[in-house]
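here is a sequence with its predicted model. Questions after.
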Amino acid sequence: MSSDFSIARPDALASREGTAKERMKALVVGGSGQIGGWLLRYLEARGHEATGTYSTRSFPGLTPLDAADGDAAARLIDDLHPEVVFYPAGFTWVDGCERDRAKAYGANLEQPLTVAKAAARAGARFVYFSTDYVFDGKSGPYAEADPVNPLSVYAQAKRDAEDALEAAIGDRLLTARTCWVFGPERQGKNFAYQLIRNLMQGKSMPCPSDQVSSPSYGPDVAHAVLALTEAGASGMVHVVGPEVMDRVAFARAIARAFGLDPSLIVGRPTAEIAQGAPRPLDSGLKIDRLESVLPGMMRPLDATLADFRAKLEDPALQDWVEPTTPGA
Ligand SMILES: NC(=O)c1ccc[n+]([C@@H]2O[C@H](COP(=O)([O-])OP(=O)(O)OC[C@H]3O[C@@H](n4cnc5c(N)ncnc54)[C@H](OP(=O)(O)O)[C@@H]3O)[C@@H](O)[C@H]2O)c1
């Protein structure tokens with residue numbers, strides 16, 4: 001059942017810092033993205049051997065791969081022989097998915113399914129990233145086993161992928177549902193960057209006042225998913241920040257942390273904002289399951305915002321993280 005969860009090596013959960021006890025060989029499809037970039041950094045820091053791919057945004061050290069080319073993906077897996085394939089990739093623009101159903105299903109269902117089957121044939125495990133949008137937002141926050149009801153094309157493709165992957169590769173699969181991912185990243189395109197850049201330029205930022213979810217710090221999402229993978233986790237797990245809040249409260253917390261003017265954040269009901277795809281309103285995810293095995297791994301919002309600022313100023317990350325400064 002897709003709501004099951006198990007940990008094959010619970011002892012591996014104890015060592016979160018330093019190098020891992022057992023070295024893994026990993027492939028990260030979507031290494032140029034937000035979560036994929038942090039997965040690669042943590043894999044390296046933990047002493048694992050990792051290869052990351054990009055599709056359209058090339059960065060040093062990454063291997064080109066368009067997962068639409070299933071043969072190329074299978075060749076890469078056969079060449080590398082990874083023990084685990086992380087798939088933080090896909091067509092993640094929710095409104096774009098509503099307009100281009102074929103692309104949404106190709107990138108979020110068919111391509112990961114092809115790659116997962118190739119991974120399983122090569123004896124590797126597969127880690128997929130899904131979303132709280134599989135729920136309808138009538139009574140969040142949601143636990144892993146709560147009934148789903150996707151509202152948008154993006155969400156339906158993600159939900160279909162959860163099921164199809166489980167049917168295809170069974171307990172070789174770990175699915176991590178996350179939401180509202182923010183923080184330092186190489187492409188500098190997540191909500192926090194957009195907000196900070198707008199406010200720095202004195203521009204107002206309309207935000208839906210009635211959309212509620214769990215802000216999730218990208219580095220913590222990647223760190224937690226890697227820790228679960230080292231412990232041989234399989235099944236379904238929610239990996240999000242510990243607080244549930246509306247988008248305006250989230251935006252104001254970011255503005256405060258970066259010393260920016262929160263009065264430029266303008267709350268509007270979803271019904272008044274033309275977003276293209278329907279969104280769950282009262283959403284967010286419960287993390288009791290994650291907390292039961294990795295307590296405190298997902299830090300509170302204020303701590304992660306302080307870490308976000310520190311990482312932007314960290315000399316060791318200057319060539320890696322995109323600055324938040326407009327036009328930089
Ligand atoms: N961000 C969120 O708030 C959020 C919330 C819920 C779930 N998720 C899920 O978490 C995962 C990671 O999200 P993210 O925010 O890190 O995404 P992201 O920053 O948008 O990165 C997406 C990655 O997918 C790659 N990609 C796109 N099309 C590809 C293709 N045809 N073949 C191979 N790679 C391809 C991109 O490569 P290029 O950039 O090089 O083209 C990029 O590396 C996604 O599956 C997303 O659905 C994210």
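Nice, thanks for sending it over. Residues are numbered from 1 along each chain as shown.

would you mind measuring from the residue of the chain at minimum distance from the ligand to residue 81?
Going by Cβ to the nearest ligand atom, the ligand is nearest to residue 33 of the chain, at 2.1 Å. Backbone N, C-alpha and C define where each C-beta goes, glycine included. Note on residue 33: its distance to residue 81, by Cβ to Cβ, to the nearest Å, is 24 Å.

helix/strand/coil for residue 21?
coil (DSSP: H, G, I helix; E, B strand; the rest coil).

now do the contacts for it.
Contact analysis of residue 21 by Cβ atoms under 8 Å, 6 or more residues apart in numbering lists 12, 15.

same check, this time on residue 80
Contacts for residue 80 (Cβ under 8 Å, 6+ apart) come out as 25, 27, 51.

residues near the closest residue to residue 321 other than its chain neighbours, how many?
Using Cβ to Cβ, 6 or more residues apart in numbering and skipping the chain neighbours, the partner closest in space to residue 321 is residue 184 (4.3 Å). The local packing of residue 184 (other Cβ atoms under 10 Å) involves 27 other residues.

quick check: residue 184 touching residue 311?
Yes - contact criterion Cβ atoms under 8 Å: residue 184 and residue 311 qualify, at 4.4 Å.

find the residues that touch each one of the two.
With Cβ under 8 Å, 6+ apart, residue 184 and residue 311 have common neighbours 219, 317, 321.

quick one, which of residue 33 and residue 81 is more surrounded?
Neighbour totals were compared for residue 33 and residue 81, and residue 33 leads with 27 against 11 (other Cβ under 10 Å).

for the spatially closest residue to that one that is not a sequence neighbour, what are its contacts?
Leaving out its chain neighbours, the residue that sits closest to residue 33 by Cβ to Cβ, 6+ apart is residue 88, at 5.7 Å. For residue 88, the contact set (Cβ under 8 Å, 6+ apart) comprises 28-30, 33-36, 39, 129, 222.

take those and keep only those in strands.
Those of those mapping onto strands are 28, 129, per DSSP state E.

now flag whichever of the contacts of residue 88 is closest to residue 177.
Closest approach to residue 177 among those (Cβ to Cβ): residue 129, at 7.8 Å.

can you check the pLDDT for the closest residue to that closest one other than its chain neighbours?
Excluding the flanking residues, the one nearest residue 129 by Cβ to Cβ, 6+ apart is residue 88, at 5.0 Å. On pLDDT, residue 88 comes in at 98.

ramachandran coordinates for residue 88?
As for residue 88, its main-chain torsions (degrees, to the nearest 10) stand at phi -80, psi 50.

what residues of the helix or strand residue 250 falls within count as buried?
Secondary structure assigned from DSSP states H and E places residue 250 in helix 247-257. Neighbour-count burial for helix 247-257, with 16 or more other Cβ atoms under 10 Å as criterion, is recorded at 247-255, 257.

pLDDT and distance to residue 196 added to those residues, as CSV?
Putting these into CSV (pLDDT from 0 to 100; distance: Cβ to Cβ, whole Å) gives the following:
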residue, pLDDT, distance to residue 196
247, 97, 15
248, 98, 16
249, 98, 16
250, 98, 13
251, 98, 10
252, 98, 13
253, 98, 12
254, 98, 7
255, 97, 8
257, 97, 9
